[in-house]
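J.: model this:
(5 chains)
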Amino acid sequence: MSVSVIGGPKRESDLKIPGTEVRKIEKDLYEVFIGPQHPGSGHMRIIIRVDGDVIVEADPDMGYVHRTMEKLGEIRQYIKNIPLFERMAIQDACNVTVPYVLALEKILDIEPPQRAKYLRSLLCEINRIAAHLYGFGIFGVFIGHSTMYMWAFADREVMVELAEKLTGARLTHSYPIPGGARRDMPQDFPQAARKAARYMRRRLEEYRKIFLDNPVMKARMEGVGYIPKKLAAELGVVGPVARASGIKYDARYNDPYDAYDEVDFEIPVFEEGDALARAWVKVEEIKQSLRIIEQAVDWLESHTSEAPIHDKFWAKSPPLWKKVFEKEGRVKLLPMMATMKIPPGKAFARGETARGEIVYYVESTGDSIPYRVRIVSPSARNAIVFKYVVPGHRVMDLPTIYGSIDYFPPEADR
Amino acid sequence: MSLVEVLASIVFYPPIYQLVIVGLIVTLGVVIIILWFERKATARVQRRLGPYHVAPKLAGMPQLLADLLRYAFQEIIIPRTVDRGVFITAPIIATVLSILPIAVVPFTSIPDYWPIPMDYSVLVALAISTVSPIFLVLAGWASNNKFSIIGGVREAFIITAYELIAILSILSVSAATLSFNFIDIVNAQMNTAWFIILNPIAFMAAFLAVLMSTSGFPFEIPESENEVVAGPFTEYSGILYGLNMGAAYMKRFAFSIILAVAFLGGWSPLTPGEGILYGYLLPSIVVIIKAFILMMVFSFLRSVYGRYRLDQALQGAWRLVFPMALIGFGIGIIEAYLGLT
Amino acid sequence: MPARPVAKALPKRRGLFEGFKGNIAAISLGVKYLIDPKRFTLIYPNEYIKLDPGYRGFIVLEKKKCINCSSCARICPAAAMKMIKLPEPDPRHPGKTKIKLWPVINYQRCIFCGYCVDVCPTEALYHVPYHDIVYENLAEMDWDLETFTKPPDYPTASEGMPVKYIVDEERGLVKVKAQEGEQ
Amino acid sequence: MAIEGVKAKEQGKVYVGNLDETAKRAKQLLIGRLKLGKAVDWATSFSLWPVHLTTSCCGCEFAAAWSPRFDGEQFGALPWVGPRQTNLIIIEGTVTRKMACAVKVTWDQMPAPKFAIAMGACALDGGIFYNSYNIVRPWEIIPIDVYIPGCPPRPESVARAIVDLQRSIRSKGIASKWVEEGVRPDKPLVAPKQDVCSWWRG
Amino acid sequence: MVEGLRFMKLSEEMVRVVIEKVKKELGDLVKSVEEGKGYISIKVPLNRLREAAVKLKNMGFDHVKSLTVTDYKKKGVFEVMYMASSYLDEELSRIIVSLTVEIDRNNPRMPSLSDIWTSVEFQEREVYEFFGIHFEGHPDLRPLLLVPDIADLKPLTKDFIVKEEPIFKS
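T.: As a prediction, the model looks like this:
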């Protein structure tokens, strides 16, 4: 219980304390720094200029989580990059790493076995649901609905539990590797997955009651952050943001990879283009992901268990490798994986994460490390929404838009 | 007189009892319990446990005590940029003013136990309750922080919206009974029915107005954390923040008592009898329990709703709740005309 | 049957009555959960989750199996696994020592990806199925060879009882007691 | 608390009298005579409110640690919005050069007694980003009480860290010592100075 | 099923059709058009980049997925690739074309395409800070992710070297 007197401009140099400088802004605008220590901004900052209650200018100040992945990717061996790139969006770990592995497979010119494809797709969809629920929860708490946050995170735990059964880690699975996947499905997995799917469908109905059809929340979301179809195409937004604006684009459909050309699912597309439509896209996508999970589990159950990895990395492996796989379902890696050289070539691959399309450009010069890896993550492409869509809305709409586009700074900043 | 009687006569001397016992001690207890209830109920709806380890056998009841004690002994930071006088005094005055309405609300029909006997107690209670929000605006302004100022301005907007509704909807009861005295209002309810049944529309309007005035969900707009951090209280730390936090709940309690007396029949099922016990203590307990139930309803709404946007809240207040209050007032007049009460 | 885009529309519900109905639905759902919360909270120090044996927790070295090949250090993405050089008596030339390489791990960096375990040619490394250990100073986390060869202390196990979560159709996850002998 | 650049006489001079002196007397009375020290430690340990500063992706597991399954609120810990009302900072993963300034400013804004938990490999020694050019080790800017290894750590680990911190507050009497003497018994309140905001000031 | 939304796996036939179309549309602008792994590479001279971009946009390539820059230190050039694709045209959305130019490493200046493709605006800012390529005509060319003192080092060029630790503990 002591009293301290701190801060405040006393001298000229004191004026330079971050966030307290006095700058002249034309007109009667009020400049507000939202973030990075701020619940409504996550780990980024949005500098907004406010005229009354209306935002006239928004300037996203990103880079608070820029961890130099592109540079580190250039100095590390190919397989070490998988855990590295996974850290972009750890709640969506499989989805962000699969396209990188696809690019490597394109250069290596190998095709993973069918079982690996299904396993990867299975984990991708589990991750997609978990990431959508994560986004839902954050969106809920952004507009003050803490129950939505808690419920979404409670149900996300079901998906995390499934992923943990499959891979042995809660979030950072590091599951796909060039040519396959790291573990096979455990025996009791299909039953748990089917139960979880049925449970999840029922819960979506309750989400609708308490959040999507709740008049208070609906009023907050309806018509907010409207992005017309043309503008969406022009800004190049991705994922649920684009699909809520009527753009029929999904990398799983337009450039199918893994098992997505064999399973039956829909790509929900809405025309409204506002925050409510973006929330609904996620709900519909969760339903479709559940369908994919059920189909993938059925397929995996009805086919005999074999190592989900390309023969190149399995045929010549020692007997211990096969023993471990039979006993634990774990695919052991060959020591040569660490320093694997990949033939020269350039490849471009895309995949659909929960937040939208992620693209990788990998260039190899025949060395064991890539010459260049370029990643453009969905949030990095959606960040432009802040500049072009937020102005004209009220201050309280900023968290709504932020939450509805499901912006995830570590992914955007890479 | 024995010592007990002397003590009782001091404790139950109406101004002391209403202001010190009910106004400070009971209010503090109610705030602590209601905050615990709010956290526990929200946790239940959200499928989790809520405060627990602080006292597993009491289901985490002393949690708020721990929070209060921590606040009391934490460093108080007063930034150099603030207007110090206002910054320190505003929360204190707001806290005092927010419990002051209790002083004029009678807890019994026995004239000996009226705190301040007067015919205009409804008006006085409403008048006092409208003062305290101004100090929240002042607190925001004195903090000299952008978020505080935005929060303060929001508070000011909200005041303009709910004040008229609160006054009008509670006055509809006065209109029905043709009296500004809480005693007459309760007596009228005991003769016929509670006003929540006779005039549900006015009660709804009053309920929403109280929700707005104490920034309960879905009207928790001045402190909406996602844009303006903690609104007017962003710069407050230590016990000063504790006061600010408590002030809103104390105000809610004072309003709940007014609503309980005006709409829920006051000490209704009980007819105050002779002596301190039956004439004063039990009736006041009935009123406090009714107010407590109201506060539980207020707290429960947190787990169902998010918050409205400022303009939507104002629009709702003026377009929907204000006409409701007017209709309620009309119903009150009609009831008086028909002689229902 | 492949994917296909399907145009959908938001449910159109407007007006005062629909709003009223929505409020009632939301509040009644809230009350439903207030009465029956369906909770599955882990009361932490009193209970702890007994993880599956396949969980990628802390890593332990079985010194007998190790063939000092340094594959694990080579594949570690965070450079947490390092080889140290230790002299040891040479069985072939008595009286002389030779330098042997042993892996040690630095938990200041380890990201629990499990590559080292998967790459080990003799299965000398294995995961213990627990992860909730914290430290009060940094130096403790840089393990030497001796610490690395035995499972780390697990204080939680002595404080609470093990539980397991199983996926349930009605309640999502259900907390059940884990049997002692059960894997 | 002494402030640089302010004369000793000016300190504590506010409108309502000499608050510093009053506070000192009150402290002596409450802690010295009434033996409230234990109660203060108890209250502080069960009221650790972490400030809402998400430095990086461990925020996912931080969020999960307060989700219904792991419910951090059972320890009385409630993630709070404004730094002025909190007393715990959880560094959730990597601290980049840009974020380091925010961490430092947030830490300085929090009222003492305050505590810090470093969560995840990146907050200890950089984790997988150990050789990145854009990261800062958080223990270089603020004093850390508990370190949690893992990438990301499980939510139970966060709970473990909070339990450990609670126990050490009670056993070492950190909060009451602070109230009495204005110092942390075990650690200096301010870490070695490193100007992480230089890029901002230019 | 709606006509035109029919699913087709990307075939070599389709890629060849698009290549022909691009060749016809861009005419003498292009240096070369070839099929890469996952994209079609269109090389154009630097001074005709904007012309080519406008033509591609008119063809239906309405957004840029990635602005990829590679530093070829030995050749002394930066290779800048605008990886464009389409949202509104169902067929083109399966194809990714990369509009590639090479610019001098020592004098990295090139025209900005952010007025043609708005979606490239933030990525050009990013490239500006990581490689120091100055985009002429960009409305708002400031560093996006990095703090100024690191942005001066141009971290993604091959001049900036990050070392990995050896596998032996010292």
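J.: can you pull out the strands in chain B?
T.: Counting by DSSP state E, chain B has strands at residues B:76-79.
J.: before we move on, what about the stretch 301-414 of chain A?
T.: Under the criterion DSSP state E, counting those that start in this stretch, strands of the stretch 301-414 of chain A are mapped to A:345-353, A:356-364, A:372-376.
J.: redo the ones you listed as a markdown table? Include mean neighbour count and mean pLDDT.
T.: Backbone N, C-alpha and C define where each C-beta goes, glycine included. Formatted as a markdown table, the strands of the stretch 301-414 of chain A follow (neighbours: other Cβ atoms under 10 Å in any protein chain shown; pLDDT from 0 to 100):
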| stretch | mean neighbour count | mean pLDDT |
| --- | --- | --- |
| strand A:345-353 | 25 | 89 |
| strand A:356-364 | 26 | 90 |
| strand A:372-376 | 23 | 90 |
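J.: out of the ones you listed, which is closest to A:Val32?
T.: Nearest to A:Val32 among the strands of the stretch 301-414 of chain A is strand A:356-364; the distance by Cβ to Cβ comes to 28.2 Å.
J.: neighbouring strands of that closest one in the sheet, and parallel or not?
T.: If you go by DSSP bridges, strand A:356-364 pairs up with strand A:345-353 (antiparallel), strand A:372-376 (antiparallel).
J.: quick one: E:Met59 from E:Glu25, how far?
T.: Per Cβ to Cβ, to the nearest Å, E:Met59 is found 6 Å from E:Glu25.
J.: how about the residues of chain B near chain C?
T.: Within reach of chain C by Cβ under 8 Å from any Cβ of the partner chain, chain B has these residues: B:41, B:44-49, B:52-53, B:300-301, B:303-305.
J.: E:Met59 and E:Glu25: which is more packed in?
T.: Legend: neighbour count by other Cβ atoms under 10 Å in any protein chain shown for E:Met59 and E:Glu25, higher for E:Met59 (19 against 14).
J.: enumerate every residue touching residue 81.
T.: Because you didn't say which chain, this covers chain A. Going by Cβ atoms under 8 Å, 6 or more residues apart in numbering or on different chains, A:Asn81 touches A:Gly73, A:Tyr100, A:Pro370, A:Val373, C:Pro77.
J.: look at chain D instead
T.: Applying Cβ under 8 Å, 6+ apart to D:Val81 gives the contacts A:His38, A:Pro39, B:Glu225, B:Val229, B:Ala230, D:His52.
J.: which residue in these has the weakest pLDDT?
T.: Checking pLDDT across the contacts of D:Val81, the minimum falls on A:Pro39 at 67.
J.: ok so, going back, turn the residues of chain B next to chain C into CSV, including pLDDT and neighbour count.
T.: CSV is the format used below for the residues of chain B next to chain C (pLDDT from 0 to 100; neighbours: other Cβ atoms under 10 Å in any protein chain shown):
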residue, pLDDT, neighbour count
B:Ala41, 89, 20
B:Arg44, 89, 21
B:Val45, 89, 25
B:Gln46, 88, 26
B:Arg47, 88, 25
B:Arg48, 87, 26
B:Leu49, 86, 23
B:Tyr52, 88, 23
B:His53, 87, 22
B:Phe300, 88, 21
B:Leu301, 88, 19
B:Ser303, 86, 25
B:Val304, 87, 24
B:Tyr305, 87, 27
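J.: in a markdown table, list the residues you listed along with distance to A:Pro190.
T.: Converted to a markdown table, those look like this (distance: Cβ to Cβ, whole Å):
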| residue | distance to A:Pro190 |
| --- | --- |
| B:Ala41 | 38 |
| B:Arg44 | 33 |
| B:Val45 | 33 |
| B:Gln46 | 31 |
| B:Arg47 | 26 |
| B:Arg48 | 30 |
| B:Leu49 | 32 |
| B:Tyr52 | 36 |
| B:His53 | 38 |
| B:Phe300 | 41 |
| B:Leu301 | 42 |
| B:Ser303 | 36 |
| B:Val304 | 37 |
| B:Tyr305 | 39 |
